[in-house]
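**Student:** what would the 3D arrangement of this be:
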Amino acid sequence: MKKSLIALAVLAASGAAMAQSSVTLFGVVDATYAYGSGSVSNKSQLTNSGYNSSRLGFRGVEDLGGGMSASFWLEAGLNNDNGTGGVTNTNNQAATSTGGGLVFNRRSTVSLNGGFGEVRLGRDYTPQFWNLTVFDPFGTNGVGTTQTLNSSLGGPTTIRASNSIGYFLPGNLGGFYGQAQYYMGENNSNAANKKDGNGLALRAGYANGPINAAIAFSETKFLTGNIKAVNLGGQYDLGVAKIMAHYNQDKISGGNDGKGFLIGGLVPVGAGEVRLAYSTYKIDTVGADPRSNKLALGYVHNLSKRTALYATYAHLTNKNGAAQALNGAVTGVNSNSNGYDFGIRHSF
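**Tutor:** Numbering: from 1, shown residues only. Predicted coordinates:
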């Protein structure tokens, strides 16, 4: 009888502790048949992440009391077409993983949260990336993604940064939001490239009702030339459709500049959604200024809240010496390229 009472007491105590903390397993498996055509060669492949990025993750939170909590987020990219993991780097410079095994390359952070906002440490998305993906109808996934990301001069920290210290404003500021991030290349102080991979980025925005708009700035230091990025984006929900746009400028000190923009929209249709976008990116060089323009159209059909079928078509035109191609194809200078995605996405 005493043992039973002790067991019940232990269970009750553990239940109280569990009520104040939680751990969640989550993920996405997205399989894509992708085809690309160009003037030099075509390519057909079964790949992944044509609608949402394939991933496996763990996240958790603990209530510390007094309005404070601690949390963690570990998220690994998956290549479900061949079973390998994602690619990452350790110092915001060259990639140091080839994607052979499971690495938490998408995000690996620990946070302290409270009325003051959130302090977040680890590998995380950069502020300059958020405007590119949030205000892109294709969410920077698949053949329709903004040409700014495909052609960007933004360097290794265009999407994520390792060794970062981030701060997020609290979510009770009447629609205003903001983020600051400092990241480190972690080179020795006596190295010629001692500042390579060090950077600072800021983002501020406003979201209320149908409106969402934000601006971001970043500078990442490299011996070969510091990279500055400035972008802004916005979205307006008309009810029958969402219209969105973004503009991005990358500048390498002592080097080239890159400029790009996107305009597009999302249109609900029954159990699905039509996605469309026009995006362009130009690199300013002496006497050339190569430019790539992309027109993309897609449709997503939701079979359930977790499973969707999708199809996307994109047409790319190159000018002034550009030779971009879609879905792994190869095309000649100033030639066109077409790309198709057909896939299924399941989330859990």
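**Student:** next, count neighbours for residue 184.
**Tutor:** The tally of other residues near residue 184 (other C-beta atoms under 10 Å) stands at 16. Where you see a C-beta, it was placed from the backbone N, CA and C, and this is true even at glycine.
**Student:** got a list of contacts for stretch 162-182?
**Tutor:** Applying C-beta atoms under 8 Å, 6 or more residues apart in numbering, the contact partners of stretch 162-182 are 88-92, 109, 115-124, 126-127, 130, 161, 183-186, 197, 199-208, 214.
**Student:** likewise stretch 221-232?
**Tutor:** Here stretch 221-232 has contacts from 93, 128, 131-132, 153-155, 157-158, 185, 192-193, 195-199, 213-220, 246-255, using C-beta under 8 Å, 6+ apart.
**Student:** and it, how far apart are its ends?
**Tutor:** Stretch 221-232 has its terminal residues 22 Å apart, counting by C-alpha to C-alpha, to the nearest Å.
**Student:** flag every buried residue along it.
**Tutor:** 221-222, 226-232 (16 or more other C-beta atoms under 10 Å).
**Student:** what does stretch 93-111 give?
**Tutor:** Quick answer for stretch 93-111 (16+ other C-beta under 10 Å): 93, 99, 103-109, 111.
**Student:** where in this structure is pLDDT low?
**Tutor:** 1-19, 98-99 (pLDDT under 70).
**Student:** keeping just the C-alphas, turn stretch 165-172 into PDB.
**Tutor:** The C-alpha trace of stretch 165-172 is given here as PDB (Å, rounded to 0.1, in the frame of the first residue of the first chain):
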ATOM      1  CA  ILE A 165      23.400  36.100 -31.100                       C
ATOM      2  CA  GLY A 166      19.900  37.300 -31.900                       C
ATOM      3  CA  TYR A 167      17.200  39.500 -30.200                       C
ATOM      4  CA  PHE A 168      13.500  39.700 -31.100                       C
ATOM      5  CA  LEU A 169      11.100  42.400 -29.900                       C
ATOM      6  CA  PRO A 170       8.100  41.100 -27.800                       C
ATOM      7  CA  GLY A 171       4.900  40.400 -29.700                       C
ATOM      8  CA  ASN A 172       2.700  43.000 -27.900                       C
END
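**Student:** and that stretch, how far out from the chain middle?
**Tutor:** 18 Å (C-alpha atoms, centre = their mean, to the nearest Å).
**Student:** what does stretch 299-319 give?
**Tutor:** That offset, for stretch 299-319, works out to 17 Å (C-alpha atoms, centre = their mean).
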